[in-house]
Each structure stands twice: as structure tokens, then as C-alpha cells.
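Asker: no sequence for this one, just the structure:
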């Protein structure tokens, strides 16, 4: 659900990742939206549709179906052997990852886990699954995936700190965690004109710009509170998301 044409940092990260890997390797992609293949790079070797095996990103999506776990484990086992897969990369977090963890460990295939969202805070914007049972279940499964992956990539040291100090991750086991430095493609993102946007900020203040999806896990309230305390700064936020009308 995070592929183009959706415009977000995650979408461009996936685009660059898939294009880069597929230029030198045989890459196969598993997706959860039935039309996701339309937005894949042309050099992808193949794709597979796994229905009802993802936490819903949009209200129209169906929620994860636990009854499909065993059938999909068998299907995953078959795919990894038939396609002769050497490395599996999962990007999330998401509840569908447990079958991948179990099967890759069974076959002794390296599993790389890119963890880009504080999933527990993300539940704040999904009231229909935001309860003690779901929060604890997702935290435990998320930690289990990290502990059983070859490597877990986190997007920032701040995210690692949130997981450890706010949510209590890694009390009993320390997984192999790396911090991923995410760069900007200067060939894709470059200025083409120089409009004057200075009037969008309060005059004679330090101008701060935040570009983000408007959602609770982006800590936008925290940023606004900081700016209100500084007094000598003004903030411009660019983005859209589930909380943009709050």
C-alpha cells in the first residue's frame, strides 16, 4: 500500500530500493493490494499477491486474517524453494511478517527487516485496533521478528530510543540492529525555480519547515509544543494524512 503513486518518504524509499536491487539481482515482490504490481519497476522478475495479510493502512483495506497464516506459510515455503531465494527483505512493521520469520529460519535463509514506524504509537490513529490486547500482541510479535531476523534496520537513533525507553523493547534479548542513513536523490529532488515563500512564516522569526505525513506517529504535536515554547520561531508544516483535520 505504500508504493507509488502514493507520495511519501516510504514510497520513494521502496522505489529506490526495488530499482536498485532489481538492476543487479533477480527480485520478486509480494504485495497486499491487488493492483500493486502496476507501480513496480519494469525490471522486477515477478510478483505475488497475498490477500488479507496486512494491517490496514486505509479504511477500505481488510484487516489481517489469522486463518490464512498456515496456508501462507506453506505457500511461502514453496515460493522460497522454487524461486531459489537467497535473501528475504521485509519492510514494515506489519503483522504479516511472522510466517516469513518462521519459514526463513526453517530454511536458513537470511532475513532483513526494515523497521520504519513506531507501530505502537501508530495505533493511536487506528481506534478500532487500539486496545491493550492488540498493543501487547503487536509489540511482542514485532520484538520477536527483530530477535529472529539476520539484521534489523531502523530509520533513526530516535526510533531506537522510543522502542527501548517508551515501549520497553529488548529487555531480555538484544537483536542485531543497524541505523539506516537515508539520503536524498538529488537527481530526482532539485529546485527548478525560486519562489518567495517567506510570507508563510511569521516575520522576524527563525523559520522552521516540517515535511511529513500528518499522523500521530510523526510526533507533530511535540514539534508544535516546542515551537510554541521557543516564541522566536515559526513553523510551516507540509503534508497530509489521517490527522490533518484534527
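Answerer: Looks like it arrived, so ask away. Predicted, not measured: the structure shown is a model, and the values here were computed from it.
Asker: Buried residues, stretch 101-121. List them.
Answerer: By 16 or more other CB atoms under 10 Å, the buried positions in stretch 101-121 come out as 101-104, 109, 111-121. Bear in mind the C-beta positions are built from the backbone N, C-alpha and C, glycine included.
Asker: ok, of those residues, which one's closest to residue 18?
Answerer: Checking those against residue 18 by CB to CB gives residue 114 as the nearest, at 12.3 Å.
Asker: that's a strand at that closest one, yeah?
Answerer: Yes: remark: residue 114 belongs to a strand, assigned using DSSP: H, G, I helix; E, B strand; the rest coil.
Asker: Which is the succeeding secondary structure element to the helix or strand containing residue 75?
Answerer: According to DSSP states H and E, residue 75 maps onto helix 69-82. Counting by DSSP H and E, the next helix or strand C-terminal to helix 69-82 is strand 87-92.
Asker: Could you point out the helix or strand that follows that next one?
Answerer: According to DSSP H and E, the helix or strand after strand 87-92 is helix 97-107.
Asker: That following helix - what's its average pLDDT?
Answerer: Across helix 97-107, the average pLDDT comes to 92.
Asker: Can you give me the first-to-last residue distance of stretch 201-216?
Answerer: Taking CA to CA, to the nearest Å as the measure, stretch 201-216 stretches 24 Å from start to finish.
Asker: tell me how far it is from the chain's mean position?
Answerer: 23 Å (CA atoms, centre = their mean, to the nearest Å).
Asker: and if you look at stretch 214-226?
Answerer: 18 Å.
Asker: and the most far-flung residue of the chain relative to its centre, helix, strand or coil?
Answerer: Here the chain reaches farthest from its C-alpha mean at residue 204, the gap being 37.4 Å by CA atoms, centre = their mean. What three-state DSSP gives for residue 204 is coil.
Asker: And for the one 5 residues further on?
Answerer: When the structure is split into helix, strand and coil by three-state DSSP, residue 209 lands in strand.
Asker: Beta-bridge partners for it, please?
Answerer: Residue 209 has these beta-bridge partners by DSSP bridges: residue 236.
Asker: which residues touch it?
Answerer: Contact analysis of residue 209 by CB atoms under 8 Å, 6 or more residues apart in numbering lists 235-236, 238.
Asker: Buried subset of those, written for PyMOL?
Answerer: Here is the PyMOL command that selects the buried residues among the contacts of residue 209 (16+ other CB under 10 Å):
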select buried, resi 235
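Asker: quick one: which of the contacts of residue 209 is nearest to residue 73?
Answerer: Nearest to residue 73 among these, counting by CB to CB, is residue 238 at 41.9 Å.
Asker: Excluding residues flanking it in the chain, which one is nearest the closest one?
Answerer: With sequence-adjacent residues excluded and distances taken as CB to CB, 6 or more residues apart in numbering, residue 238 is closest to residue 211, at 4.8 Å.
Asker: Neighbours of that neighbour, how many?
Answerer: Number of residues near residue 211 (other CB atoms under 10 Å) recorded here: 9.
Asker: Show me what the helix or strand of the chain with the lowest mean pLDDT is packed up against.
Answerer: Across the helices and strands of the chain, mean pLDDT, DSSP states H and E gives its lowest value to helix 119-122, namely a mean of 77. Secondary-structure packing of helix 119-122 (3 or more CB pairs under 8 Å, 6 or more residues apart in numbering; DSSP states H and E): helix 132-147.
Asker: Could you point out the helix or strand that follows the helix it packs on?
Answerer: Helices and strands here follow DSSP H and E; after helix 132-147, the next one along the chain is strand 151-154.
Asker: what pairs with that following strand, and is each one parallel or antiparallel?
Answerer: Sheet partners assigned to strand 151-154 using DSSP bridges are listed as strand 110-115 (parallel), strand 177-179 (parallel).
Asker: Export those to CSV and append columns for mean pLDDT and distance to residue 3.
Answerer: Shown next, in CSV, are these (pLDDT from 0 to 100; distance: least, CB to CB, whole Å):
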stretch, mean pLDDT, distance to residue 3
strand 110-115, 92, 14
strand 177-179, 91, 24
